[in-house]
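Asker: Fold the following.
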Amino acid sequence: MPDHNAPSDALHHFPDRQMTIATPIGWLTDRPQFLAVGKGRRIHTPRMTMQYIAQKSAPGPDTLPATTPRFGLTVTKKTGNSVERNRIKRRLRAALRLAPLDGSVANDYVLVARRDCLTAPFEQLITDIVESCAKAVAKSVPATHFPPRPDSRS
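Answerer: Okay, the predicted model is just below:
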């Protein structure tokens with residue numbers, strides 16, 4: 001069974017880029033986890049939709065800290081045949097491993113891929129993931145972190 005956190009050949013076609021896993025990530029594995037995230041909020045890009053929700057429990061039996069983001073991938077049959085769907089999933093997993101994510105807020109994310117993930121430049125996939133996660137983290141910050149409004153009655 002392959003180790004999903006190992007820096008295998010994610011950049012086989014990009015030998016000039018250093019292979020660094022910026023943020024440790026966990027993976028969503030069970031259907032109830034995907035369904036729970038599906039009830040959360042969404043962020044859309046031309047290549048994917050990111051669903052996210054704050055983690056309600058610890059990441060699980062793995063040894064990742066509670067602030068570790070967890071990801072799941074969904075690629076429907078509408079995107080193409082099995083070869084194309086598997087290629088999209090491989091590209092997204094590689095992009096997730098290389099994306100410098102902000103792990104300060106523990107969210108569960110599900111990336112719902114569109115067909116454009118198949119032909120998009122790899123750097124664009126990384127950019128989409130990083131920007132979507134940044135928006136999700138910004139929206140996940142509780143209101144107590146913002147400074148109080150000045151009282152308009154004074």
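Asker: Any chance you could list what contacts the lengthiest helix in the chain?
Answerer: If you go by DSSP state H, the chain has its longest helix at helix 122-140. Here helix 122-140 makes contact (C-beta atoms under 8 Å, 6 or more residues apart in numbering) with 14, 41, 43, 45, 47-48, 50, 52, 54, 69, 91-92, 94-96, 98-102, 104-105, 107, 109, 111, 117. (Each C-beta comes from the backbone N, C-alpha and C, glycine too.)
Asker: Could I get the full set of helices for the protein?
Answerer: 31-38, 82-98, 122-140.
Asker: which of the residues in the last one are buried?
Answerer: Buried residues in helix 122-140, counting neighbours by 16 or more other C-beta atoms under 10 Å, are found at 122, 125, 126, 127, 128, 129, 130, 132, 133, 136, 137, 140.
Asker: now do the first one
Answerer: By neighbour count on 16+ other C-beta under 10 Å, the buried set for helix 31-38 is 33, 34, 36, 37.
Asker: sorry, back to before: whichever of the contacts of helix 122-140 end up buried, select them in PyMOL.
Answerer: Listed next is the PyMOL selection for buried residues among these, using 16+ other C-beta under 10 Å:
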select buried, resi 43+45+47+48+50+52+69+91+92+94+95+96+98+99+101+102+105+107+109+111+117
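Asker: So which of the contacts of helix 122-140 are in strands?
Answerer: Those of the contacts of helix 122-140 mapping onto strands are 41, 43, 48, 50, 52, 54, 107, 109, 111, per DSSP state E.
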